[in-house]
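Q: need the 3D shape of this:
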Amino acid sequence: MRVFVTGATGFIGFAIVKELIAAGHQVTGLARSEASEKKLADAGASVTVGSVENLDLLRRSAASADAAIHTAFYHQISHIPFGKRMGVFLGGAPTGIVQRFMMAAVETDRLALKTLGRALAGSDRALLAPFATMAMRPGVLATEDQAYDPTFFAAPRAQTEDSLQELASSGVRTSAIRLPPIVHGAGDHGFAPMLITTARKKKESGYAGDGSSRWPSVHRLDAARLFRLALENGPAGGTYHGVAEEGIPFRQIAELIGRRLNLPAVSKSPKEAKKQFTFLAEFVMKDNPTSSKLTQDRLGWKPTQLGLLADLDQADYFTA
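A: As a prediction, the model looks like this:
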């Protein structure tokens, strides 16, 4: 199968590229830089140079492929083109920069997803995209057949699941892959390294309340295999949970970080947690247990990699 992948050199995207190539698929990855071009070429992929802002490029690339996987997303303000970046900084009060950045990233993501989907419409070709388990209702075990929580503060990004459902009705074989807050493995630059950096800076490893809020997790190699299985076998409108561990109490994560950094693990009140973790606080305090039983039953997916705590306990995560 010829597969077009955006975000192809990202932490998750590149693992997907390598998984697909190993399974015999032909992959074309979207690259923004010479370094990204080389990384993809060295892995055996073809390369299309450009960005997700170039909708015509996305349309042509998807139209010439058998399937598309959209993993690109602006996780940092520096990723946004200069003009939009200035709008984020200068478009209102400084206190609104984070919100304006998120809305700009979400809008770019949604336009890219819809562009890819329209290029694939009417053909039963596959389109896959990841979303967050954190958008599910807190405190109850989330399953694949449940809808996301529209009251969650980051729900605007999760609303792109709605876009996939719309595309499924137009002859696109869509799959939404919900991923946990920590997708771990070598090269991780997500929440786990952020928590370690925060602990170093604050001279303590914090957790909210009694630390009982639960975070699901998955190794990126297991996640990549799930993307391949959904690509090959998933019906239109499928929703899957890329979750290996249903819910690790956050206190255990904080205590491991504290032990590795020789720092105390300290309970924080909600007010203190907001100061300690800044924009991560809402995530840290959320109880997000998530099941992948239906995903495993429907696609035959079985996670086999190290669990989060065992992986986090490896030295690479704590190399200064």
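
Q: helices or strands up against the longest helix seen in the chain?
A: In the chain, ranked by residue count with DSSP state H as the criterion, the top helix is helix 97-120. Other elements packing on helix 97-120 under the criterion 3 or more C-beta pairs under 8 Å, 6 or more residues apart in numbering; DSSP states H and E are strand 2-6, helix 55-63, strand 67-70, helix 82-90, strand 126-132, helix 155-158, helix 160-168. To be clear about C-beta, it is placed using only N, CA and C from the backbone, and glycine gets the same treatment.

Q: quick check: which of these has the most neighbours on average?
A: Counting by mean count of other C-beta atoms under 10 Å, strand 67-70 has the highest mean neighbour count of those, with a mean of 28.

Q: export that strand as CSV, just CAs?
A: What follows is strand 67-70 as a C-alpha-only set of coordinates in CSV (Å, rounded to 0.1, in the frame of the first residue of the first chain):
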residue,chain,number,x,y,z
ALA,A,67,-4.0,5.9,2.3
ALA,A,68,-2.9,8.8,4.5
ILE,A,69,-1.8,9.1,8.2
HIS,A,70,-1.9,12.6,9.7
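
Q: same question for that strand, mean pLDDT?
A: Averaged over strand 67-70, pLDDT sits at 98.

Q: contacts for stretch 298-314?
A: Contacts with stretch 298-314, where a contact means C-beta atoms under 8 Å, 6 or more residues apart in numbering, come from 182, 184-185, 192, 217-219, 221-222, 225-226, 229-230, 233-234, 238, 240, 244-245, 248, 252-253, 256-257, 260, 292, 295-296, 317.

Q: returning to that earlier point: residue 273: which of the helices and strands packed on helix 97-120 is closest?
A: Smallest distance to residue 273 across those (C-beta to C-beta): 19.5 Å, for strand 126-132.

Q: dump the C-alpha coordinates for that closest one into CSV.
A: Output in CSV follows, covering the C-alpha atoms of strand 126-132 (Å, rounded to 0.1, in the frame of the first residue of the first chain):
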residue,chain,number,x,y,z
ALA,A,126,-7.8,4.9,4.7
LEU,A,127,-7.2,8.1,6.7
LEU,A,128,-5.9,7.8,10.2
ALA,A,129,-5.2,10.5,12.8
PRO,A,130,-4.3,10.5,16.6
PHE,A,131,-6.2,12.2,19.4
ALA,A,132,-5.9,12.3,23.2
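
Q: give me the buried positions along the longest helix of the chain.
A: Neighbour counts over helix 97-120 (16 or more other C-beta atoms under 10 Å) mark 100-102, 104-106, 108-110, 112-120 as buried.

Q: can you give me the strands for the protein?
A: 2-6, 26-31, 46-49, 67-70, 126-132, 173-179, 182-184, 205-208, 214-219, 238-241, 245-249, 265-268 (DSSP state E).

Q: right, and those - which one's nearest residue 164?
A: strand 173-179 (4.2 Å).

Q: tell me what the closest one is packed against?
A: strand 126-132, helix 160-168, helix 220-233, strand 238-241.

Q: then it to CSV, C-alphas only?
A: The C-alpha trace of strand 173-179 is given here as CSV (Å, rounded to 0.1, in the frame of the first residue of the first chain):
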residue,chain,number,x,y,z
ARG,A,173,-12.1,4.6,5.7
THR,A,174,-11.3,6.7,8.7
SER,A,175,-9.7,5.6,12.0
ALA,A,176,-9.2,7.8,15.1
ILE,A,177,-6.4,6.5,17.3
ARG,A,178,-6.7,7.9,20.9
LEU,A,179,-3.3,8.1,22.5
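
Q: strands paired with that strand, and their directions?
A: Based on DSSP bridges, the pairing partners of strand 173-179 within the sheet are strand 126-132 (parallel), strand 238-241 (parallel).

Q: how about JSON lines for those strands, with distance to residue 146 and mean pLDDT added?
A: Output for these, formatted as JSON lines (distance: least, C-beta to C-beta, whole Å; pLDDT from 0 to 100):
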{"stretch": "strand 126-132", "distance to residue 146": "13", "mean pLDDT": "95"}
{"stretch": "strand 238-241", "distance to residue 146": "9", "mean pLDDT": "97"}
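
Q: right, and those strands - which one's nearest residue 287?
A: The nearest among those, by C-beta to C-beta, is strand 126-132 at 14.5 Å.

Q: re the thing from before, now the strands paired with strand 173-179 as TSV including distance to residue 153?
A: Formatted as TSV, the strands paired with strand 173-179 follow (distance: least, C-beta to C-beta, whole Å):
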stretch	distance to residue 153
strand 126-132	12
strand 238-241	21
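
Q: right, and those - which one's nearest residue 59?
A: strand 126-132 (12.8 Å).

Q: what angle do that closest one and helix 55-63 make?
A: 120 degrees (axes from the mean of the first three to the mean of the last three C-alpha atoms, to 10 degrees).

Q: distance from strand 126-132 to the middle of the chain?
A: Taking C-alpha atoms, centre = their mean, to the nearest Å, one finds strand 126-132 lying 9 Å from the centre of the chain it belongs to.

Q: compare the helices and strands packed on strand 173-179 and give me the one nearest residue 142.
A: Among the helices and strands packed on strand 173-179, if distance is taken as C-beta to C-beta, the winner is strand 238-241, at 7.4 Å.

Q: thanks a lot, see you next time.
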